[in-house]
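Chemist: Sequence first, then the predicted structure:
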Amino acid sequence: MPGVQDKPPSKQEAQEVRKKALAKLGEEGIENFLANDIEKLKASDDYIALFWKHVFDIPGEQSDAAASLVLKSFKWRKEFGVDKIDEKSISRSVLDKGSLFTHGRDKDGMKLIVLAMSKHVKGADSLDDVKKVLVYYFERLSREEEGKKISWVFDCKNAGLKNMDLELINFIIFCMESCYPDILNYIYIFEMPWIMGAAFKVVKAALPAAGVAKLKDVTKSSFKQWVDDDNRIEAWGGDDDWQFKFEPEVKKPKPEIVQESVHSSQNESIYEEPTEIRQRKHPSSSRSTASSMGSISRSESEKSISRQSEIYHSGNQILRVSPDQEIIFSPSSGGDFSARVQLTNVSDKIAAYKMKTTSPEKYRVRPSTGSLGQGQTMTIEIQVSRSQVPNVASLLRDKFLISAITLDSHQMSPQTIQQMLKNGKPEAQYRLRCQLSSPEALQPAQTPNGSTPLDMSAEVKKEADKVMKKLKDVLEKQENFETQMTFLTYGGIGILVLNFLLLIILLFFNSCPDLSCPDIPCPDIPATKSNSFFG
């Protein structure tokens, strides 16, 4: 009987699916499938849960349907050769074109994969090459997201019938329906032109009922309901000025076992001062700490390392943070300051994190929350406007705090994870100070004669660019409106002229004299006497 949507299987149900799936694979010959897939099936209940949840609405026994889907998926994976697909084996021209890419997340925390329809012309590239690029992204996201769902964006802006490739779209649907179980969160169709409406009706008919429910028609104004401004690129009406450039996959390092040597209080504030400053303010506390540490036989260098660990890290070792003490801000090309912090999960569980700062109104952190699988690495981008940093001291006062917890399963929804990070007690905390790459970075550029240029600040320029783009949109709409009004005006004038001509013609014929032939009296013809034989 059909199951419950998004409900994972019990331990017993997962084992039953595993047993039935292995039996089906054995009948076909285990050697006919990818070894990695077989090992994953044997070892991971979470992997089995994806198949289980994918077939919840199929009539019959859910375990039978899940086992059948395993067989179908594994067959296709072997035939397509997904184990041989990587950045070196796929078409670089298709990859660099930017018709397929991943960037940003929706409000559910799901990674966005984008099909830019206007950049894909049917027949311009080999369909097999495009399919391989698509499968590359599917495989890459499966590794990076650790089984989480993804959301599609079909960007139809400026697309026409030449860009509509039903064969490619049907392949995307096939992959999500039969090859990558429980992978779809939503499909956002962005600004679909009316001319493509009939084609998308065919696509909608090919989707199962559960897939149709996940279709969302969005525009610039409505897309913000699903994706926030920071994750929407400017073409979608957002604030993200990201431009497409292929970014290679960051391979996971092997997980490291880190011995925990320092256990400090988890209740320390993000505003806590360094130990040296506290000792100057509280001498008695300093002497007490010094006497207690004096009983421990270790070198002065080890003491220094321990104090630094207490300042910057508390709790269990879950994440490796790089840099581990200071966030170094450097000037970016746009004039603002930017920095990067790299997090690596060094625990044997899935880790979730949240980054906070003492000045949230000043900094732009992306992504500020997230989760990492075992051994996975994530890079956090931090930006601050130059106008927010008038001097070095204003930046050095700020601090960042990373709170981390471990999760028992990656099947938890992003909302559940955020709630746990918000209300739960962190298992580890990492404190980072702010620093500039050099004090000279704040000094304005000088002209050859020593004067300061009168250029606007980067922040003002950015805002001006936004205003100019909006003004450009308004002008385009105004031009379109004027064109329509001109057409209507000339059309109206033409109709009036025709009506005037018709009126003149009608008046002319009504005023003319009767041109029909007058009645002409015929003369009387006298009767003549017939000379006929009959008389």
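Modeler: That came through fine. Keep in mind the model is a prediction, meaning the values are calculated, not measured. Numbering: from 1, shown residues only.

Chemist: CA atoms of stretch 133-153 as PDB?
Modeler: Listed next in PDB are the C-alpha coordinates belonging to stretch 133-153 (Å, rounded to 0.1, in the frame of the first residue of the first chain):
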ATOM      1  CA  VAL A 133      27.300  17.700 -18.400                       C
ATOM      2  CA  LEU A 134      23.900  17.300 -16.800                       C
ATOM      3  CA  VAL A 135      24.800  14.000 -15.300                       C
ATOM      4  CA  TYR A 136      28.100  15.500 -14.100                       C
ATOM      5  CA  TYR A 137      26.200  18.100 -12.100                       C
ATOM      6  CA  PHE A 138      23.800  15.400 -10.800                       C
ATOM      7  CA  GLU A 139      26.700  13.300  -9.500                       C
ATOM      8  CA  ARG A 140      28.600  16.300  -8.100                       C
ATOM      9  CA  LEU A 141      25.600  17.600  -6.200                       C
ATOM     10  CA  SER A 142      24.900  14.100  -4.900                       C
ATOM     11  CA  ARG A 143      28.400  14.100  -3.400                       C
ATOM     12  CA  GLU A 144      28.400  17.700  -2.200                       C
ATOM     13  CA  GLU A 145      24.900  17.800  -0.700                       C
ATOM     14  CA  GLU A 146      25.100  14.300   0.900                       C
ATOM     15  CA  GLY A 147      21.700  13.200  -0.300                       C
ATOM     16  CA  LYS A 148      19.900  16.500   0.200                       C
ATOM     17  CA  LYS A 149      17.300  17.600  -2.400                       C
ATOM     18  CA  ILE A 150      18.000  20.200  -5.100                       C
ATOM     19  CA  SER A 151      15.800  22.700  -6.800                       C
ATOM     20  CA  TRP A 152      15.700  23.400 -10.500                       C
ATOM     21  CA  VAL A 153      15.400  26.800 -12.100                       C
END
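
Chemist: That one: which residues count as buried?
Modeler: Across stretch 133-153, burial judged by 16 or more other Cβ atoms under 10 Å covers 133-142, 144-153. Placement of C-beta: from N, CA and C, glycine included.

Chemist: Give me the subset of those residues lying in strands.
Modeler: Secondary structure defined by DSSP state E assigns 150-153 of these to strands.

Chemist: would CSV of the residues you listed with pLDDT and distance to residue 92 be doable?
Modeler: Output for those, formatted as CSV (pLDDT from 0 to 100; distance: Cβ to Cβ, whole Å):
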residue, pLDDT, distance to residue 92
150, 94, 23
151, 95, 26
152, 95, 23
153, 96, 23
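
Chemist: Would you reformat these as a markdown table and include distance to residue 124?
Modeler: Listed next are those as a markdown table, based on distance: Cβ to Cβ, whole Å:
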| residue | distance to residue 124 |
| --- | --- |
| 150 | 26 |
| 151 | 26 |
| 152 | 21 |
| 153 | 21 |
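
Chemist: now, the most widely separated pair of those residues?
Modeler: 150 and 153 (10.2 Å; Cβ to Cβ).

Chemist: what sits in contact with each of the two?
Modeler: Common neighbours of residue 150 and residue 153 (criterion: Cβ atoms under 8 Å, 6 or more residues apart in numbering): 112-113.

Chemist: where does residue 94 land in three-state SS?
Modeler: Here residue 94 is recorded as helix under DSSP: H, G, I helix; E, B strand; the rest coil.

Chemist: That one contacts residue 127, doesn't it?
Modeler: No: in this structure, residue 94 is not within contact of residue 127 by Cβ atoms under 8 Å, at 10.3 Å.
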